[in-house]
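*Asks:* Provide a 3D model corresponding to the input given below.
(3 chains)
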Amino acid sequence: MAGTIVWFRNDLRVDDQPALGFAVAAREPVVPVFCWHPQAAGRWAPGGASRWWLHRSLTSLQDSLEKVGSRLVVRAADPSTELVAIAKATGAGAVACNRRFEPWAVEEEARVEKACREAGLSFHRFLCNLMFDPFVIRTGTGVPYKVFTPFWKNCMAQEPPAQAKPAPKAIPGPAAWPTSVPVASLGLQPSIAWDAGLSEAWTPGEAGAARKAKVFLDGPMSDYAVGRDLPGSPGTSMLSPHLAWGEVSPRRVWHAVESRLQAGDKSLRTNADKFRAELGWREFGWHVLANFPTTAENPLRPEFRDFPWQENAKALKAWQRGRTGYPLIDAGMRQLWHTGWMHNRVRMSVSSFLVKHLRQHWLHGADWFWDTLVDADLASNTLGWQWSAGCGADAAPYFRIFNPMLQGEKFDAEGAYVKRWVPELTKVPADLVHRPWEAPLATAGSGYPAPIVDHAQAREAALAALKACNAKTGAAE
DNA sequence: TGAAATGTTGGGGCG
DNA sequence: ACGCCCCAACATTTC
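*Replies:* So this is what the prediction gives:
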C-alpha cells in the first residue's frame, strides 16, 4: 500500500487514537478524512446541540492535525463513495477507522468496508471509545449482561485497559491533498443565535477535554461520592460531551485516575472507584446497545411493549420548556436548554417526571434530550430513558417514582440550583423553594406556574397504569 | 442511582 | 412507682 486513509467518525482526537496510530506506524502517507453524512443515521442524526459541538470539534481537530504537518479532509457525502474516491486520488491502499456501535453506524461501517474491499483497499478497525469489547464481556452462561453490578465486576476482573498511546509527533501527508470543503459549509451552526449559553459553558475539542479532566481529577474527584449528587455545585467531571465525540480516550481518563491513586489515601480510592463506575455505566450502555440493537426504539423488556402511555402535547411542551411548576424539574430543563447539559441527579428526576407524573412515552424524552444535549450519546440516552421508564436493563422498577420536592430538599437544600435556573423563585425562602405553592403570596414566585399535575394524584395514576398493564400482559410483577 | 405506608420500639409525660 | 399512651425514630414492607 502507498498510504492509509484514516476515516474519522466520533473519535475526534489525535491522542490515543488507534486508527490514526496504525496509519502513522506504517510510515507512509496518511490522509485524515471526515464525512458529514447524517442521512445514514436517520432519527439519530446529530441534533442541534450536537451539531453545534461538532462544528467546533472538527475545527479543533483540523488545528491539531495541521500542527503536526497534516490536514483534515472534509466531505459532505456518503463515506462509502468518498473514501474510495480519495484512495484513488491519493494512491492510498488502506482505510482505517475506529468502531462505532450505533445500529446505523454498524451498517454504515459494513457498507464502507464492502466498498473498500471491492476497490482493492484493505480495511482496518479498532476499539477506540470503549475500554472493553462489547462482544467479549459475557456472563457465566455466555450471554451479554443486563445488570450493571455483575457486568462491572466482570470488567474489573479483566486485564486493565491498555495504556493510552500519545499523539503522533508528525504525520506524513500525501504528495497532493485531495479536495476538501470548509467545516463552515456543513451547516452545523445554528441559523439563529441560540447558542450563547453553550459557548459560555463549553470549549469543544481535545484541549478543552484535557482541561476539564485535569480540573476534575485534581479537585472534585476527591469528594465525588457526595459531591456528584449536588446539582448546585461543580462536583462532576463534565467530560460527557467530550467523550461522546471521542475528544478524550476513556483509557486516558482511566489511567489518569490511576496515577493520582498512587499518591492518595483510602478515601480517594473510594471516590475514584465511584467515578470509574460512572465510566462503567457508559461502557454498560454501549454493551447493551451493541448486543440489543433494537433498544434505541423498543423496550428491552417486552412486557412494556403495550404500556398505556398518554399523548399530551401540552404537558410535553411544559416539560420541555421548564414550566411544570415543580422547581427542580423546571431548573433542570432550563439548564439543559441554556447550556446543552443537565446534572445527572436532575436528569433522573426530570425523566421520572415525564414518564411517570406525565406518563409520556420515554421516546419523547429521548428525542428531546437527543436534540438539546451536547453530550447526546445513543447508548447512554437509551439506557437512561429505559432505566427511568422501568423497561430497560437494570431498570428502576416502574413504581420507583421520584418525588421532585424531596429530591430537591435532599440534594439542593438551600435552593441555590433552582434559584439559579428559575429566577422567578428568587424571593421564596429556602425551606419552601421546592414547594413554592405553599409560600405566602407576597414571597411566591411572580409568574411562576402552578404545578401542572398534583404529585400525589399523578403518582397514584402512574401506579394504576402499571397495574393495568400488568393485568393485561400477565407480567409477574 | 425511591417514596410512602405500615410495623416496631423505646423514652417520657401523665394519671 | 407503675402502666398506659403518645409519638418520634427507626425498620420493614409495599407500591
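*Asks:* would you mind measuring from the residue most central in space within chain A to DNA strand C?
*Replies:* Centroid-nearest residue in chain A: residue A:377, 3.4 Å away (criterion: CA atoms, centre = their mean). Per CB to the nearest atom of the strand, to the nearest Å, residue A:377 is found 30 Å from DNA strand C. (Glycine included, C-beta is placed from N, CA and C.)
*Asks:* burial count for the residue lying closest to that residue once chain neighbours are set aside?
*Replies:* Distances taken as CB to CB, 6 or more residues apart in numbering place residue A:244 nearest to residue A:377, at 4.5 Å, with adjacent residues excluded. Neighbourhood size, residue A:244 [other CB atoms under 10 Å]: 25.
*Asks:* kindly report the residues of chain A close to DNA strand B.
*Replies:* Proximity of chain A to DNA strand B, by CB under 7 Å from any atom of the strand, involves residues A:148, A:278, A:281, A:344-345, A:348, A:394, A:396, A:399-403, A:406-407, A:410, A:455-456, A:459.
*Asks:* filter those down to the buried ones, PyMOL style.
*Replies:* Those of the residues of chain A next to DNA strand B that count as buried under 16 or more other CB atoms under 10 Å are selected in PyMOL with:
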select buried, chain A and resi 148+278+281+344+345+348+394+396+401+402+403+407+455+459
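*Asks:* mind listing what's buried in the helix or strand of chain A with the lowest mean pLDDT?
*Replies:* In chain A, no helix or strand scores lower on mean pLDDT, DSSP states H and E than helix A:455-473, which sits at a mean of 88. For helix A:455-473, the neighbour count (16+ other CB under 10 Å) marks A:455, A:458, A:459, A:461, A:462, A:465, A:466, A:469 as buried.
*Asks:* the closest residue to DNA strand C within the stretch 101-250 of chain A and residue A:452, how far apart?
*Replies:* When you check the stretch 101-250 of chain A against DNA strand C by CB to the nearest atom of the strand, the closest residue turns out to be residue A:147, at 17.5 Å. As defined by CB to CB, to the nearest Å, residue A:147 lies at a distance of 35 Å from residue A:452.
*Asks:* those two: who's more crowded?
*Replies:* More crowded of residue A:147 and residue A:452, by other CB under 10 Å: residue A:452, with 18 against 12.
*Asks:* and the gap between that one and residue A:351?
*Replies:* Relative to residue A:351, and taking CB to CB, residue A:452 is found at 16 Å.
*Asks:* how is chain A divided into domains?
*Replies:* Per the record, chain A has its domains at A:4-128, A:129-164+A:207-291, A:302-469, by automatic domain parsing.
*Asks:* and the ones you listed as a markdown table, adding distance to residue A:176?
*Replies:* Shown next, in a markdown table, are the domains of chain A (distance: least, CB to CB, whole Å):
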| stretch | distance to residue A:176 |
| --- | --- |
| domain A:4-128 | 7 |
| domain A:129-164+A:207-291 | 28 |
| domain A:302-469 | 37 |
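*Asks:* which among these is found nearest to residue A:175?
*Replies:* Closest approach to residue A:175 among these (CB to CB): domain A:4-128, 7.4 Å.
*Asks:* so what's the residue count around the closest residue to residue A:167 other than its chain neighbours?
*Replies:* Of all residues not flanking residue A:167 in the chain, residue A:14 sits nearest, at 4.0 Å (CB to CB, 6+ apart). Using other CB under 10 Å, the number of residues around residue A:14 comes to 21.
*Asks:* now residue A:325
*Replies:* Counted with other CB under 10 Å, residue A:325 comes out at 17.
*Asks:* same check on residue A:125?
*Replies:* For residue A:125, the neighbour count with other CB under 10 Å is 18.
*Asks:* now it: phi and psi?
*Replies:* Per-residue torsions, residue A:125: phi -130, psi 150 (degrees, to the nearest 10).
*Asks:* just checking, it touches residue A:100?
*Replies:* No - using CB atoms under 8 Å, residue A:125 is not in contact with residue A:100; the gap is 9.8 Å.
*Asks:* now do the shared contacts for those two.
*Replies:* Residues touching both residue A:125 and residue A:100 (CB atoms under 8 Å, 6 or more residues apart in numbering) are residue A:109.
*Asks:* the closest residue to residue A:126 other than its chain neighbours: neighbouring residues, count only.
*Replies:* Spatial nearest neighbour of residue A:126, excluding adjacent residues (CB to CB, 6+ apart): residue A:18 at 3.5 Å. Residue neighbour count, defined by other CB under 10 Å, stands at 23 for residue A:18.
*Asks:* kindly report the same for residue A:241.
*Replies:* 26.
*Asks:* and if you look at residue A:68?
*Replies:* For residue A:68, using other CB under 10 Å, the count is 16.
*Asks:* quick check on it: phi, psi?
*Replies:* Torsion angles, degrees, to the nearest 10, at residue A:68: phi -110, psi 30.
*Asks:* would you confirm that it contacts residue A:166?
*Replies:* No - using CB under 8 Å, residue A:68 is not in contact with residue A:166; the gap is 11.6 Å.
*Asks:* residue A:194 versus the residue nearest to residue A:377, what's the distance?
*Replies:* From residue A:244 to residue A:194 the distance is 20 Å (CB to CB).
*Asks:* kindly report the same for residue A:2.
*Replies:* Using CB to CB, residue A:2 is found at 46 Å from residue A:194.
*Asks:* same check on residue A:383?
*Replies:* Between residue A:383 and residue A:194 the computed distance is 28 Å (CB to CB).
*Asks:* neighbour count: the two, which is higher?
*Replies:* residue A:383 (26 against 13).
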